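# When you get a sec, could you give me coordinates for this:
(chains A and B)
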Amino acid sequence: MNNNFAEFSGVMEHGSFSDLSKSSFSLTDEDHTLANSIRFTLNQDPRVTFCGYSIPHPSDNRVNIRIQTTGEPATDIMKDACQDLMLVCKHVRETFDQAVVDFKKSNNDMDVN
Amino acid sequence: MAMTTSKDQAQNVAFTKQPFIEDVGPRKIKGMHFTVQSAAEIAKMAEVQVWKGQYYDPTRKPYADGLLDPRMGAANKFSECATCHGRFSDCPGHYGYFKLPLPVYNVGYLSTILDILKCICKTCSRILLDDKLRLDFLKKMRSTKIEPLKKTELMKKIVKKCNSRAAKCPKCGSLNGSVKKVVSTLGLLHDRSKLNDGLEECRSAIAHTKESKGSINIQSHILNPATVLHLFKRMLDEDCELLYLSGRPENLILTNIAVPPIAIRPSVIMDGSQSNENDLTERLKQIIQVSASIRKETSEPSTAARYLENWDLLQVEVAQYINSDVRAGPAAMYQPQKTLAGLIQRLKGKQGRFRGNLSGKRVEYTGRTVISPDPNLKITEVAIPIRMARILTYPERVSHHNIEKLRQCVSNGPDKYPGARMLRRADGSTWSIKVSRKRLADELKYGDIVERHLEDGDIVLFNRQPSLHRMSIMSHRARIMPWRTLRFNESVCNPYNADFDGDEMNMHVPQTEEARTEAILLMGVQNNLCTPKNGEILVASTQDFLTTSFLVTRKDTFYDRAAFCLMCSYMGDGMEHIDLPTPAVIKPVELWTGKQLFSVLVRPNANVRVYLNLTVREKNYTKLQVNGREIEAMCPSDGFVCFYNSELISGQLGKATLGNGNKDGLYSVLLRDYKAHAAAACMNRLAKLSARWIGNHGFSIGIDDVQPSKNLHAQKEQIINEGANTCDEKIKLFNEGNLPPEPGCDAAQSLEARISQILNGIRDATGKLCMKELHWRNSPLIMSQCGSKGSPINISQMVACVGQQSVGGKRAPNGFIDRSLPHFPRKDKTPAAKGFVGHSFYDGLSATEFFFHTMGGREGLVDTAVKTADTGYMSRRLIKALEDLFIHYDNTVRNASGGIVQFCYGDDGMDPAHMEGKDGAPLNFERLFFKAKATSPARGNEKLSPEKVSEIVETRLSKHDLTPEGGCSAAFKTSLQSFLDEYVKALNRTQENFESKEDHSGKENSTTAEYIVKHISGVTAKQLEVFLDTCISRYHSKKIEAGTAIGAIGAQSIGEPGTQMTLKTFHFAGVASMNVTLGVPRIKEIINGAKRISTPIITAALECDDNVNAARIVRGRMEKISLGQIAKSIKVVITSRSASVTVTLDMEMIKDAMLSIDAYLVQDSILRTPRIKLKQEHIRVPDPRKLEITPYEADRSKLHFHLHHLKTMLPNIIIKGIKTVERAVISKEDDKKTQTSKYKLLVEGTGLLQVMGTEGVDGINTKSNHIIEVQQTLGIEAARTCIIDEIEYTMKSHGMSIDTRHMMLLADVMTSRGEVLGITRFGIQKMGKSVLMLASFEKTSDHLFNASVNGREDMIEGVSECIIMGIPMQLGTGMIKVRQRVEVPPLLSYGPTPILCESK
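Residues are numbered from 1 along each chain as shown, chains lettered A, B, ... in the order given. Okay, the predicted model is just below:
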């Protein structure tokens, strides 16, 4: 994922300039798959006091993620959460790949495609 | 002139649509004058004299002087008008005329002609009144004060006076017979057969001719139109005036017929040579043909009979030209295959010109499709499918702000959304955006108008038929969405009465900014959350939303931070800032309750300044008694809902809190305290939350939900068996003849009543059982508990027992001899044989049960079908009667012509839509007091002592805004005062209670006690001030606004509930045997002002109402008692010397019934009976229990017959009581408080006056439900009260509450003319309505013909007239006019001008 979060495709941040700790992120062309996963990682973060997501209308390809923090800018936390999620995914993928490799190794004689 | 200026204007500035500019020019139609055109006028008006009976010449060109002469207007787009040379679209058409060879009657005026002929001398044409009487009537007729209605009455009176038989003309002395209509043909007959004047001579003269055929013809002769015309021509103008004729009477007879322009009778050219002519043209052709033959016959010598026959034929043709329903003449001859519609047929009826084209018109910019629900939308939104949005357009003017958007629209064209369909340049030219879109987009300039596709946020009107009340059409904001249906939030189903089983709805797009503004402000969903019917909230959460709330607010639901936050995000779409409340459980993990979720829902963050305070008792509220004291708040089933400063303290939410129809519910309170926006926002949040929550949670029904447990099944069997056993006992008692009858019933009726009661008991008992026994997670049970769908009875029907089936309010009737179905023995009265279904739907019904169930079901279906038609017509009549009424700036309610109906609307000038309290009270003081105390906390401030409270209240209440001059009704002031007095009393009571307790415990802590007392129910000065100020300011804001069309609202408020009335047609009036008509039939009776009602009942209060015996005595005085009832025997006694009828009275029975009757009284009443012909000497009373009646007949041969005649006559002689009274029943009312019973009499039948006059009846408190009788006995004001009470009672017994102000208005309309006018065509006619309004209601043609004869004038003031003429009506926003202050002209003093200048 790109380091610059704002460049991430189709994200709009709804927040206030005075209080950066509370923000809503509106993601187009995303749904529960991303939003619920991010919610999971956000909930692991102790700095988050409030996080939730909602799809405003099932006909719109849009999901809103709301974050309220203890004080840190919500954008940073969002980025961290995405990062975490990415790590989790990476870990899952690596573990999975490793498992496949191990499996193939241990069952070398079997033809696993 | 005016026309050109407006055109010039249009060319200079192009408007989006021509804005409404009030036309002050000379073209404004101010009034309409009806007259009858004379023959000369018809000819003068015409461009052509038509005489040819053919349409087209061989070259397919219309004949000149034919019926399709081009001088009468252009026939189609390709031809041109020969008179004005206008094209088809410009030329309105021109009249022609046709000269009839002989005069004929105009059928429309036939009755008027008859009336005139009745009044005038058939010899000299003068009126048949002597001079004095004539002048007297003339003076009355000429009076300026007299209104048209009275004039018509006067004219009728004159006709009656003149039409007395054998009137001798006071002028010429000739005798006149009566004038009649000839039955078979369209003719008038002067019947002189009853006159004995010179005819004797005539008769003798023709007697010897032996031709008997003329015997009738001599005495009475047919008045042919020519004679009548001659008579009419000689009539004096003065006499015309007397007969309320505005024009000359000869105009009523046709000599010239106007041939209407071609434009209104278009000729349709079929392919090739065929042409299809309009009915009017065809009829005119026939008239011309008949005329031609008459002309031919008159020119050459022919027999008179033939000539007369053709004249009759012409008469019929002309009559049918006007009204094709006229049946006259030799019927067989003139029956074409299909009747040609006449002029009247074009006007009248639902599809006629008046109702079909003038009162209601077809419109553009509309859409209609199937509806479906969408909880993701706001309540103010409606989702419009893209394909619909591509067709509907809104003309938007190009400006700096929208040019880019509109440019994009134009370049997208009409097929791609968001596009545009048309472009209107500022110079007035229009361009269809199909081709060269790019160029048009580039050339877009400020000031152009683009008819762009509908887009998000556009204002549309949304409607579902039947539009029974004003909330059936509301304004929404558009949301363009994919797919094919119109979608809206389920919360808005209620006002439209919509469901999603295939319903379709309509949509309209207002086309100007003015229209949009008015639509959103007046018809917006947000501004119509509550109904003006009674001020209850109508747009509220339903179905799933209630289920969700119920489940979420369970006591045992807890959510962790993640879940709670997620749900909080659901309701605001994750866009709102949420202040999480402190978790209810902190350790070991933070947990929030479901109730806290609702606190967040009402007040998501601290910036939302909504402090909701309310207490509601939910459906499952059960009273908790501790030590004999009721504890309100601690409901064991959590049914006590309490919000305190937007925090849900207790209670599981359900329909009572969130649903419609409760004035103290959450949304109602939000609406009243924090305006519509807060309520709407809350509904939106709940809808979103609910849709997502219940989607995740899951909620469904399965067969296991309706499977009864063993226990439940056993208990149900027991209940049913018990019931059946009790029924069997009763039946046994009945068969033995030992069943004690209920008051006013015979044994069979009592048995039925008892059994029905028992069986209904079974149904209720199983219902309760189900609610108790079913598992708490049972879906139907949950739905029933929270009120989202289904009742305990519905569940019981599925699970336990379907219950008794009823037909017409009774058990299943006997369709076979003495039994309902052949499966049962004859005269079987057991539950099963009379339609009791003991199985549940889960069990399945047995064959007989199933049949009974279909019987009940059929009745329901039939009732619904019949009721819709009935209530529809009722609503229409109500609307027509009340539509003109609205509130004026002086707070009076007036009709269209300014006649006052009410001096102050509803006696207090309050808006029923804003009423907060029960029974139409403006405010709910208790709630406001609770709110005041909660929102301005004491914070250590001194609580007031009771005396101080009274003092503060006293000073506040004496201020200006609580005086009648300050616009406050006395009723409100007293209600406020009494509430506060009550409060002070309660405060004192608490104090006393504490002091009395204190005496026992010791006096040292008196200050503590006082402190406690004040904390329990004390109030600070600030709180009291807040309370008083809110009450008073809110009261003043609830005044009804001037311009409100309160008549239409009232009519809808009464008409709409009619459709919801279930088939409960009958109802017991306190006593089992006495039925009162209820439901739609009763409402119909009341508003019709029916002279005969089906169940007249007089409720007679008694002077001595605590004694049964006293009541019995009074009843004895009232009920009619015939001799047959009290006589032991009536025998014919024939001895050798005399014959007589002997009557022996049953003294025991008389004593038992507490009657004071003896033979002398019987003698008197026999003598008083009319047509009995018995005299004092014929009746002998040997002892007080015996009478001997000897016949007066002297003729011995007839004696025997006479005796038998007497014997049959005597039992029917009424000895005592009121004749019109059918029976009287004593009704007992138990007063629980005082443990006493009060008695009153329910008298079935009429005769209010006699009942009131009966000794022992408290006349002042005696009531009747017969409005006309009340009016005749007690006067019009009593009738008004009676109407109000009766409608209220009927509505209440169906569980419907309607603000009493609506009933008052209806009653006032019905009685304001001094007599009770029904809301029927006859009553509405007498309400002084205008001609056009009456014509658009019923009997269109009659009203138009009468109006033209009488020369009526229509000022176009009312709603109907304005709609018909296309003029904005003068109520609501149309009432406002800009007025200019004009300098008052100097006041001139009356009197002679001074000769010399006086010194001052």
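# Up against chain B, what does chain A have?
With C-beta under 8 Å from any C-beta of the partner chain as the criterion, chain A meets chain B at residues A:14, A:22, A:24, A:39, A:43, A:49-54, A:56-59, A:64-66, A:68. For glycine as for every other residue, the C-beta is placed from the backbone atoms N, C-alpha and C.
# quick one: the helices in chain A?
A:32-44, A:74-106 (DSSP state H).
# Residue nearest the middle of chain B, spatially speaking?
Taking C-alpha atoms, centre = their mean, the centroid of chain B lies closest to residue B:1055, which sits 2.8 Å from it.
# That residue reaches residue B:468, doesn't it?
Yes: contact criterion C-beta atoms under 8 Å: residue B:1055 and residue B:468 qualify, at 6.5 Å.
# which neighbours do the two share?
Counting by C-beta atoms under 8 Å, 6 or more residues apart in numbering or on different chains, the common neighbours of residue B:1055 and residue B:468 are residue B:875.
# Now do the contacts for residue B:1238.
B:1105, B:1106, B:1228, B:1229, B:1231.
# so residue B:1223 sits in a strand?
Yes: checked against DSSP: H, G, I helix; E, B strand; the rest coil, residue B:1223 lies within a strand.
# what sits opposite it in the beta ladder?
Applying DSSP bridges to residue B:1223 gives these bridge partners: residue B:1244.
# Repeat that for the one 4 residues further on.
For residue B:1227, the residues forming beta bridges with it (DSSP bridges) are residue B:1240.
# count of residues packed around it?
Neighbour count of residue B:1227, defined by other C-beta atoms under 10 Å in any protein chain shown: 19.
# doesn't residue B:1239 make contact with it?
Yes: with contact defined as C-beta under 8 Å, residue B:1227 counts as touching residue B:1239 (7.0 Å).
# buried set for stretch A:25-32?
For stretch A:25-32, burial by neighbour count (16 or more other C-beta atoms under 10 Å in any protein chain shown) applies to A:25, A:26, A:27, A:30.
# what's in contact with it?
So stretch A:25-32 is contacted by A:9-14, A:34-35, A:55, A:61-67, A:78 (C-beta under 8 Å, 6+ apart).
# would you list the contacts of residue B:1238 in JSON lines and tack on distance to chain A, pLDDT and secondary structure?
Listed next are the contacts of residue B:1238 as JSON lines, based on distance: C-beta to the nearest C-beta, whole Å; pLDDT from 0 to 100; DSSP: H, G, I helix; E, B strand; the rest coil:
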{"residue": "B:1105", "distance to chain A": "66", "pLDDT": "79", "secondary structure": "coil"}
{"residue": "B:1106", "distance to chain A": "68", "pLDDT": "81", "secondary structure": "coil"}
{"residue": "B:1228", "distance to chain A": "62", "pLDDT": "80", "secondary structure": "strand"}
{"residue": "B:1229", "distance to chain A": "59", "pLDDT": "80", "secondary structure": "strand"}
{"residue": "B:1231", "distance to chain A": "58", "pLDDT": "75", "secondary structure": "strand"}
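# Could you turn the buried ones of those residues into a PyMOL selection?
Of the contacts of residue B:1238, the buried ones can be selected in PyMOL as follows, counting by 16+ other C-beta under 10 Å:
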select buried, chain B and resi 1105
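# What is the nearest of the contacts of residue B:1238 to residue B:42?
Proximity of the contacts of residue B:1238 to residue B:42 was ranked by C-beta to C-beta; the top entry is residue B:1229 with 72.8 Å.
# these two touch, right, that closest one and residue B:1237?
Yes: if you go by C-beta under 8 Å, residue B:1229 and residue B:1237 touch, sitting 6.5 Å apart.
# Any of the residues of chain A next to chain B buried? List them.
Of the residues of chain A next to chain B, these count as buried by 16+ other C-beta under 10 Å: A:22, A:24, A:39, A:43, A:49-54, A:56-57, A:64-66, A:68.
# So which of those residues sit within strands?
In this view, these that belong to strands under DSSP state E are A:22, A:24, A:49, A:50, A:51, A:52, A:53, A:54, A:64, A:65, A:66, A:68.
# List the beta-bridge partners for the nearest residue to the first one once chain neighbours are set aside.
In this case it means residue A:22. Spatially, and ignoring its direct neighbours in sequence, residue A:22 is nearest to residue A:68 (4.6 Å; C-beta to C-beta, 6 or more residues apart in numbering or on different chains). Under DSSP bridges, the beta-bridge partners of residue A:68 are residue A:22, residue A:50.
# any idea of the pLDDT on residue A:68?
Residue A:68 is assigned 91 on the pLDDT scale.
# these two touch, right, it and residue A:49?
Yes: the criterion here is C-beta under 8 Å, and residue A:68 meets it with residue A:49 at 5.2 Å.
# Is it correct that residue B:394 falls within a strand?
Yes: applying three-state DSSP, one finds residue B:394 inside a strand.
# what about it, how many neighbours?
Residue neighbour count, defined by other C-beta under 10 Å, stands at 23 for residue B:394.
# Can you classify the closest residue to chain A within the stretch 1051-1200 of chain B by secondary structure?
Relative to chain A, the nearest point of the stretch 1051-1200 of chain B is residue B:1056 (33.3 Å; C-beta to the nearest C-beta). For residue B:1056, the assignment made with three-state DSSP gives helix.
# what's the closest non-adjacent residue to the residue nearest to the centre of chain B?
In space, residue B:1055 is closest to residue B:875, 3.2 Å off (C-beta to C-beta, 6+ apart).
# Give me the buried positions along the helix or strand encompassing the one you found.
Using DSSP states H and E, residue B:875 falls within helix B:847-882. Neighbour counts using 16+ other C-beta under 10 Å place B:848-849, B:851-853, B:855-856, B:859, B:863, B:867, B:870-871, B:874-882 of helix B:847-882 among the buried residues.
# Can I get stretch B:58-72 in CSV? Just the C-alpha atoms.
Output of stretch B:58-72 as CSV, limited to C-alpha atoms (Å, rounded to 0.1, in the frame of the first residue of the first chain):
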residue,chain,number,x,y,z
PRO,B,58,-68.6,14.0,-53.6
THR,B,59,-65.2,15.7,-53.5
ARG,B,60,-64.9,15.0,-49.8
LYS,B,61,-65.3,18.7,-49.0
PRO,B,62,-67.7,19.7,-46.3
TYR,B,63,-70.8,21.3,-47.7
ALA,B,64,-71.3,25.0,-47.1
ASP,B,65,-74.4,25.5,-44.9
GLY,B,66,-73.9,21.9,-43.8
LEU,B,67,-73.2,20.7,-40.3
LEU,B,68,-69.4,20.7,-41.0
ASP,B,69,-69.3,24.1,-42.7
PRO,B,70,-65.7,25.3,-42.3
ARG,B,71,-67.1,28.6,-41.1
MET,B,72,-67.7,26.9,-37.8
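# Flag every residue of the stretch 651-800 of chain B that's near chain A.
Applying C-beta under 8 Å from any C-beta, one finds that the stretch 651-800 of chain B approaches chain A through B:688, B:692.
# hey, where'd the strands end up in the stretch 651-800 of chain B?
Assigned by DSSP state E, counting those that start in this stretch, the stretch 651-800 of chain B shows no strands.
# Please apply the same query to the stretch 1251-1400 of chain B.
B:1257-1264, B:1353-1354.
# residues touching residue B:1123, list them.
Shown in contact with residue B:1123 (C-beta under 8 Å, 6+ apart): B:1130, B:1143, B:1162, B:1166, B:1210, B:1211, B:1212, B:1213, B:1214, B:1215.
# Show me where chain A dips below the pLDDT cut-off.
Applying pLDDT under 70 to chain A flags the ranges A:1-9, A:109-113.
# right, and the strands of the stretch 1251-1400 of chain B - which one's nearest chain A?
Short answer: strand B:1353-1354, nearest of these by C-beta to the nearest C-beta, at 53.2 Å.
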